[in-house]
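Trainee: Model the following, please.
(one chain, ligands or ions: 1)
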Amino acid sequence: MSAAAEVQFLRNIQRLLDEGDFVATYKFALLQALADLSVEGAGDGQDALVIPLERIAEKFIEYYWPQVVPFRPDSDSTGILQQSTGQQASILNELLQLRLATGGKVQRARQNTLLWRRAVRKVAVTIRAMPLWKLQVVAGGPEEFLYRQADFKDESITLLPGIASHFRSFHGLVLRLVRGRWLERVRTVKSNQAIIGAEADLEAFMFGTDRKALNGFREVLREVDGLNCFYCNRHMSIVPEVDHFIAWSRYPIDLGHNFVLAHPSCNNGKRDFLADLRHLHRWSTRNRQHGVTMATGFDSTGLPHDLERSIAIAKWAYAHGEDIGAHTWLTGDQFPKLDHRWRNVFASASETLPEPPYTQ
Ligand SMILES: [Zn+2]
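Mentor: Okay, here's the model as predicted:
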């Protein structure tokens with residue numbers, strides 16, 4: 001992919017955000033969905049990528065799910081933030097119903113196949129009617145650089161060749177741009193200003209990790225991983241931390257198989273780095289051997305998980321890391337440079353993949 005094409009892509013994204021005219025926040029959700037689904041899809045994104053509208057709808061549900069409760073937990077439904085300068089965005093009302101019917105956890109809603117499918121279809125209809133054609137209308141008319149409206153068929157859009165690859169290269173950047181604008185939009189809705197107040201952390205509310213859920217993940221992980229630290233394999237006599245194996249800052253999502261238990265010191269040592277190949281190997285092996293058991297545990301407590309997506313995200317994160325010359329974290333202050341060998345971890349699905357030697 002040429003540098004000129006990459007610059008043009010970023011310019012176009014910026015134009016959509018600057019000049020596109022939108023009443024609701026759907027534009028932001030749609031852009032984020034396209035970026036995320038480019039990462040979670042197979043391949044390197046060089047080819048055209050077909051994305052079913054229902055996949056986009058499921059993403060909308062995930063993004064808006066935590067935002068459809070009152071901003072201050074002790075207030076009633078009048079404390080729910082407006083996602084539109086007009087009436088409340090209709091998708092939010094749809095999700096409010098789904099939340100009420102299924103108890104508040106997105107995984108529980110997903111398990112209720114009938115209600116989930118119904119909500120997905122309704123959200124998909126709204127996406128098709130609104131943001132899908134509006135997204136690429138900027139001052140001066142349509143600029144169809146992501147997908148062509150005319151190509152819409154079988155309820156799918158097709159990202160033009162190379163677009164998914166750009167989203168994979170600049171995922172972090174696009175996400176920060178989109179979320180920054182999304183926050184701004186919610187803040188500028190007049191009726192929201194009284195709800196939010198001056199000091200509140202709106203970003204954590206809208207896009208943060210669910211801290212309460214981490215305890216539930218910890219219990220399930222303990223069953224599989226035992227009481228030793230995932231990274232140093234030493235006993236943990238204190239309450240272990242629940243670590244995002246692919247760091248939250250790289251890809252902000254809470255999915256069960258991405259978590260490991262670690263000493264606070266090991267967690268702090270790793271920070272936002274990619275873990276060394278030895279850790280990656282162990283993570284991959286654990287999920288291969290115990291993935292189903294873990295899924296059952298997550299399901300029983302209503303925690304989100306999707307092993308296939310977790311693996312796709314990890315592959316993307318390491319490919320991206322290799323591209324930009326990232327260092328990984330092994331232990332203490334050892335940060336080996338990432339090289340192509342991470343691919344071997346995923347290349348072999350067999351149980352016989354040798355454990356890389358520990359050299360410290
Ligand atoms: Zn440790």
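Trainee: My read is that Y26 contacts L132, right?
Mentor: No. Taking contacts as Cβ atoms under 8 Å, Y26 lies outside contact range of L132: 9.1 Å. C-beta here means a position set from N, CA and C on the backbone, and glycine is covered the same way.
Trainee: list the contacts for the residue most central in space within the chain?
Mentor: Here the mean C-alpha position of the chain is nearest to the C-alpha of I253 (Cα atoms, centre = their mean), at a distance of 4.0 Å. Contacts for I253 (Cβ atoms under 8 Å, 6 or more residues apart in numbering) come out as I313.
Trainee: Next one: it from P73, what distance?
Mentor: Computed as Cβ to Cβ, to the nearest Å, the I253 to P73 distance reads 23 Å.
Trainee: And the nearest residue to V174 once chain neighbours are set aside, its phi and psi?
Mentor: Nearest residue to V174 in three dimensions, chain neighbours excluded: A35, at 4.9 Å (Cβ to Cβ, 6 or more residues apart in numbering). Geometry field for A35 lists phi and psi as phi -70, psi -50, criterion degrees, to the nearest 10.
Trainee: sorry, back to before: the more surrounded of Y26 and L132?
Mentor: Y26 (24 against 19; other Cβ atoms under 10 Å).
Trainee: measure the more buried one to E241 for me?
Mentor: 36 Å.
Trainee: Check what pLDDT T352 gets.
Mentor: We have a pLDDT of 47 for T352.
Trainee: Ok, F273 next?
Mentor: For F273, pLDDT reads 98.
Trainee: That one contacts A247, doesn't it?
Mentor: Yes. Under the criterion of Cβ under 8 Å, F273 makes contact with A247 at 7.3 Å.
Trainee: mind checking which helix or strand whatever residue of the stretch 51-200 of the chain ends up closest to the ion is in?
Mentor: Closest to the ion within the stretch 51-200 of the chain is G172: 27.1 Å, counting by Cβ to the ion. Assigned by DSSP states H and E, G172 belongs to helix 171-188.
Trainee: what does the chain have sitting close to the ion?
Mentor: C229, Y231, C232, H263, C266 (Cβ under 5 Å from the ion).
Trainee: Show me which of those residues is closest to V125.
Mentor: Y231 (46.1 Å; Cβ to Cβ).
Trainee: count of residues packed around E199?
Mentor: E199 has 5 nearby residues by other Cβ under 10 Å.
Trainee: Assign it to helix, strand or coil.
Mentor: coil (DSSP: H, G, I helix; E, B strand; the rest coil).
Trainee: List phi and psi for it.
Mentor: Torsion angles, degrees, to the nearest 10, at E199: phi -100, psi -20.
Trainee: Kindly report the same for H327.
Mentor: The phi/psi pair for H327 (degrees, to the nearest 10) is phi -100, psi 150.
Trainee: Identify the bridge partners of it.
Mentor: Applying DSSP bridges to H327 yields these beta-bridge partners: K337.
Trainee: could you pull out the strands for this structure?
Mentor: Ranges of strands within the chain are 49-52, 137-138, 141-142, 156-159, 241-244, 259-262, 274-275, 328-329, based on DSSP state E.
Trainee: looking at those, which is closest to R168?
Mentor: Comparing the strands of the chain by Cβ to Cβ, strand 49-52 comes nearest, at 10.1 Å.
Trainee: Can you list the buried residues in that closest one?
Mentor: L49, I51 (16 or more other Cβ atoms under 10 Å).
Trainee: now what about it, what contacts it?
Mentor: Taking Cβ under 8 Å, 6+ apart as the rule, strand 49-52 contacts 34, 37-38, 41, 43, 154-159, 163-164.
Trainee: remind me which residues of this protein are low pLDDT?
Mentor: For the chain, residues meeting the criterion pLDDT under 70 lie at 1, 348-360.
Trainee: now the helices for the stretch 101-250 of the chain?
Mentor: Secondary structure of the stretch 101-250 of the chain (DSSP state H, counting those that start in this stretch): helices located at 106-111, 113-129, 131-134, 163-169, 171-188, 190-196, 202-207, 211-225.
Trainee: Which other helices and strands does the first one contact?
Mentor: I take that to be helix 106-111. Applying 3 or more Cβ pairs under 8 Å, 6 or more residues apart in numbering; DSSP states H and E, one finds that helix 106-111 contacts helix 53-64, helix 90-102, helix 113-129, helix 277-300.
Trainee: Swap in 7 Å and give it another go.
Mentor: Packing contacts for helix 106-111, counted by 3 or more Cβ pairs under 7 Å, 6 or more residues apart in numbering; DSSP states H and E, involve helix 90-102, helix 113-129.
Trainee: and the angle for the longest one with helix 53-64?
Mentor: When you say that, I think you mean helix 113-129. Counting by axes from the mean of the first three to the mean of the last three Cα atoms, to 10 degrees, helix 113-129 lies at 100 degrees to helix 53-64.
Trainee: Run a quick neighbour tally on the closest residue to D151 other than its chain neighbours.
Mentor: Spatial nearest neighbour of D151, excluding adjacent residues (Cβ to Cβ, 6+ apart): T158 at 5.1 Å. Residues within reach of T158, counting by other Cβ under 10 Å, total 17.
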